[in-house]
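Novice: I'd like to go over a predicted model; first the sequence, then the structure.
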Amino acid sequence: MYAFVAEVPEDFSYDTPRKTYEGILDRKDTSWVLNLQNIGIATNIPLFLPKMCFYKDKVLQSVETINIKEDKVNFK
């Protein structure tokens, strides 16, 4: 899985949402993406995104993981 994460200046302007070939592109806060109750995102994203590595200028910055309690996940 690939996730493209970018930090932009507060005054950066890019109109979203924007329709693309792969779906709708929109900026969202990480807390929105990782919310297990969020029905607006694929169910596997909140499970795998926290386990990804973060690079800046080709240098590993961090590896983040979280434990997910089974009772908080809906596997339907």
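Specialist: Arrived safely, thanks for sending.
Novice: show me where the protein has helices.
Specialist: Using DSSP state H, the helices of the chain run over residues 30-34, 45-48.
Novice: what bits of this structure have low per-residue confidence?
Specialist: 1-5, 53, 63-76 (pLDDT under 70).
Novice: what do you get if the cut-off is 50, keeping everything else the same?
Specialist: Scanning the chain for pLDDT under 50 picks out the ranges 75-76.
Novice: so which residue is dead centre in it?
Specialist: Nearest to the mean C-alpha position of the chain, by C-alpha atoms, centre = their mean, lies residue 33 at 5.0 Å.
Novice: which residues sit in contact with that residue?
Specialist: Residue 33 makes contacts with 41, 45-46, 49, as judged by C-beta atoms under 8 Å, 6 or more residues apart in numbering. Quick note: C-beta positions are derived from backbone N, CA and C, even for glycine.
Novice: export the helices of the chain to TSV and tack on distance to residue 24?
Specialist: TSV is the format used below for the helices of the chain (distance: least, C-beta to C-beta, whole Å):
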stretch	distance to residue 24
helix 30-34	14
helix 45-48	14
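Novice: pick the most deeply packed of those helices.
Specialist: Stretch with highest mean neighbour count among the helices of the chain: helix 45-48 (a mean of 15; mean count of other C-beta atoms under 10 Å).
Novice: which elements pack onto that one?
Specialist: helix 30-34 (3 or more C-beta pairs under 8 Å, 6 or more residues apart in numbering; DSSP states H and E).
Novice: only C-alpha atoms, please: export the helix it packs on in CSV.
Specialist: Extracted in CSV, the C-alpha atoms of helix 30-34 (Å, rounded to 0.1, in the frame of the first residue of the first chain):
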residue,chain,number,x,y,z
THR,A,30,-4.9,12.0,9.8
SER,A,31,-7.4,11.7,12.7
TRP,A,32,-10.2,11.6,10.1
VAL,A,33,-8.4,8.9,8.1
LEU,A,34,-7.6,6.7,11.2
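Novice: and the strands in the chain?
Specialist: Secondary structure of the chain, counting by DSSP state E: strands at 18-20, 23-25, 53-56, 59-63.
Novice: wait, which of those strands is closest to residue 11?
Specialist: strand 18-20 (19.2 Å; C-beta to C-beta).
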